[in-house]
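My questions concern the predicted model and sequence given below.
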Amino acid sequence: MERTMLRRRALTASTAALAVGALALAGLTGVASADQAGTTARAEAPGTLPPGLIKALQRDLGLDAAEAAARTGNEYRAAAIAAGLEKSLGASFAGARVSGDGAALTVATTDASEAARITGAGADAEVVGHSLDRLEAAKAALDEAARNTTPRGVPSWYVDVRTNRVVVNAADTSAADTFLAAAGVSRSLVKVNRSGERPRALADLRGGDAYYMNGSGRCSIGFPVKRGTQNGFVTAGHCGRAGTTTNGVNQQAQGSFQASTFPGRDYAWVATNANWTPRALVNGYGRGDVAVAGSTEMLEGSSVCRSGSTTGWHCGTIQQRNTSVTYPEGTISPVTRTSVCAEPGDSGGSFISGSQAQGVTSGGSGNCSSGGTTYFQPVNAALQVYGLTLMTSGTPTDPPTDPTDPPTEPGGTWAAGTTYAAGATVTYGGAGYRCLQGHQAQAGWQPPNVPALWQRL
């Protein structure tokens, strides 16, 4: 099987689609909350998901409308609980995941005495031998070795919280052993899987609402963004280089690549001219576009859907985050590994979980007839590197959905639409807060409302 880089389907600017595709935050009418230690949580009743998203979840995960709404709501709640527990468990934290249609949360720790804290927060506790920090350090050593020499016969590697190991997918044991030796990583931390995957880029095929590079190659829009007052969009880095000009789906002049990274990472951003208006939407292929409300990263095991021009909507689950994958051009890390299928032409397409943007399609293996594995480049990384703001359903450039004026916000430095990294500090309503988990802020996520994301100082 080949692992491929898959170009993405565009987000559209239809105001009618906004009315059809409006989606509550992460499929919820309210927001899940957890205290600073992750010991309590609350989930509101799920809202209505767009018809196209429901159909894709039903087809690929066997869920009906009610089950799809409940699952996306539970997954968001689980992410909030896990964020609080990661903070409170500290060095003993060994990862979190959800499983089953009900998105049951499991949190792992190396300290058996912390099991009660985990179960008290509403999660299943699992005691394991290796902390997440230790496994990620081993993976970082593999990444460093790959930067020096592209590993032969090793298409991908990642931390697998289910097995509490670093998984190395390799053509054979010899290739894996050579890679581990070069990185100085102990085999006791590693599980080797046999794999015949051969990743490659698919830059020459369309994905999503097409755009054309230098009047020839074709790719797809990722998520619309802003940088200051400049409109644009993020996309896959292998689509073009800085200076590459683009035409839109209508073949009219659109913009140019401002920055691009590939290999190593796989993201880029394009600045567009005044004829193009960014909208917080993912194309739903005639089934109702999906509104983007934010970019909270979902846990491993969460459902996720992809929009791409070749195969439309397809869904699956997040398998492993912080994965490294090797293409002929070099190694890309970190990307997120999923069970979603994709085909040539889907490259760059939107990955979204509920209403939360996850990333842009990078590459994959297999197809949508027999199934496959697809990787996405997390969108938050591109936003942070390039200083971009994700267009969300609460941004001022979107058509208003409520004619009433929003309530006046209390003073402070916190602002919706800003990307905050873990450790960042803000003020809000006269109090100081420290960011616990990197995220794109949005309306309703003020620091006092989401203690899973902000700790009061």
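Great, that's in hand.

Distance check, the spatially most central residue of the chain against Asn380.
Among the residues of the chain, the one closest to the centroid is Gln358, at 2.3 Å (Cα atoms, centre = their mean). To Asn380, Gln358 is 9 Å away according to Cβ to Cβ, to the nearest Å. Any C-beta I mention is one placed from the backbone N, CA and C, and that applies to glycine too.

Common neighbours of these two, please.
Counting by Cβ atoms under 8 Å, 6 or more residues apart in numbering, the contacts common to Gln358 and Asn380 are 295, 297.

among the helices and strands of the chain, which one scores worst on average pLDDT?
Ranking every helix and strand in the chain by mean pLDDT, DSSP states H and E puts helix 15-21 at the bottom, with a mean of 21.

Ser339: neighbour count?
18 (other Cβ atoms under 10 Å).

Tell me the backbone dihedrals of it, please.
Phi and psi for Ser339, reported as degrees, to the nearest 10, are phi -90, psi 10.

Surely it and Cys368 touch.
No - in this structure, Ser339 is not within contact of Cys368 by Cβ atoms under 8 Å, at 11.9 Å.

Mutual contacts of these two, please.
With contacts defined as Cβ under 8 Å, 6+ apart, no residue is shared by Ser339 and Cys368.

can you give me the strands in the stretch 351-457 of the chain?
All strands of the stretch 351-457 of the chain, identified by DSSP state E, counting those that start in this stretch, fall at 356-367, 371-378, 389-390, 419-420, 425-428, 431-435, 439-440, 454-456.

low pLDDT regions in the stretch 101-250 of the chain?
Applying pLDDT under 70 to the stretch 101-250 of the chain flags the ranges 199-208, 215.

can you map out the helices along this structure?
Along the chain, counting by DSSP state H, helices occupy 15-21, 51-61, 65-89, 115-120, 132-148, 173-183, 379-386.

possible to save those as a markdown table with distance to Leu453?
Shown next, in a markdown table, are those (distance: least, Cβ to Cβ, whole Å):
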| stretch | distance to Leu453 |
| --- | --- |
| helix 15-21 | 26 |
| helix 51-61 | 24 |
| helix 65-89 | 7 |
| helix 115-120 | 19 |
| helix 132-148 | 19 |
| helix 173-183 | 34 |
| helix 379-386 | 13 |
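
Deepest in the core, which of those helices is it.
Each of the helices of the chain was scored by mean neighbour count; the highest is helix 65-89, a mean of 23, by mean count of other Cβ atoms under 10 Å.

on contacts alone, who are the packing partners of that helix?
With contacts defined as 3 or more Cβ pairs under 8 Å, 6 or more residues apart in numbering; DSSP states H and E, the secondary structure elements packing on helix 65-89 are strand 33-34, strand 41-42, helix 51-61, strand 93-99, strand 104-109, helix 115-120, strand 303-308.

now that helix against strand 303-308, angle please.
Between the axes of helix 65-89 and strand 303-308, defined by axes from the mean of the first three to the mean of the last three Cα atoms, to 10 degrees, the angle is 110 degrees.

How far off centre is helix 65-89?
15 Å (Cα atoms, centre = their mean, to the nearest Å).

Then stretch 103-121?
Relative to the chain's own centre, stretch 103-121 is displaced by 24 Å; criterion: Cα atoms, centre = their mean.

what's the spacing between Gly301 and Gly122?
Noted for Gly301: a distance of 16 Å to Gly122, by Cβ to Cβ.

burial measure for Gln251, as a count.
Residues lying near Gln251 (other Cβ under 10 Å) number 11.

didn't it look like it was pressed against Tyr212?
Yes - the pair Gln251 and Tyr212 qualifies as a contact (Cβ under 8 Å) at a distance of 7.0 Å.

what is in contact with the two at once?
Common neighbours of Gln251 and Tyr212 (Cβ under 8 Å, 6+ apart) do not exist.

Check what pLDDT the nearest residue to Ser156 once chain neighbours are set aside gets.
Leaving aside its chain neighbours, Ser156 sits nearest to Val325 (4.3 Å; criterion: Cβ to Cβ, 6 or more residues apart in numbering). Val325 carries a pLDDT value of 94.

Neighbours of Val325, how many?
By other Cβ under 10 Å, 28 other residues sit near Val325.

Let me see the contact set for it.
3, 155-156, 199, 331-333, 335, 337, 362-363, 375.

Among those, which lie within strands?
Of these, the ones assigned to strands by DSSP state E are 3, 156, 331-333, 335, 337, 362-363, 375.

from the residues you listed, which is closest to Lys191?
Closest approach to Lys191 among the ones in strands among the contacts of Val325 (Cβ to Cβ): Ser156, at 12.9 Å.

hang on, the earlier thing: of all the helices of the chain, which one is nearest Val166?
Among the helices of the chain, helix 132-148 comes nearest to Val166, with 5.0 Å by Cβ to Cβ.

Pull the distance from that closest one to the chain's centre.
Between the centre of helix 132-148 and the centre of its chain there are 21 Å (Cα atoms, centre = their mean).

Tell me what angle it forms with strand 93-99.
90 degrees.

Now do helix 132-148 against strand 104-109, angle only.
Helix 132-148 runs at 80 degrees relative to strand 104-109, counting by the same axes, to 10 degrees.

Please save the CA atoms from helix 132-148 in CSV.
Output in CSV follows, covering the C-alpha atoms of helix 132-148 (Å, rounded to 0.1, in the frame of the first residue of the first chain):
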residue,chain,number,x,y,z
LEU,A,132,4.0,10.2,28.3
ASP,A,133,7.1,12.4,28.8
ARG,A,134,9.4,9.4,28.6
LEU,A,135,7.8,8.0,25.4
GLU,A,136,7.7,11.4,23.8
ALA,A,137,11.4,11.8,24.6
ALA,A,138,12.1,8.5,22.8
LYS,A,139,10.1,9.6,19.8
ALA,A,140,12.0,12.9,19.8
ALA,A,141,15.2,11.0,19.6
LEU,A,142,13.8,9.1,16.6
ASP,A,143,12.8,12.4,15.0
GLU,A,144,16.3,13.8,15.5
ALA,A,145,17.8,10.7,13.9
ALA,A,146,15.5,11.1,10.9
ARG,A,147,16.5,14.7,10.4
ASN,A,148,20.1,13.5,10.0
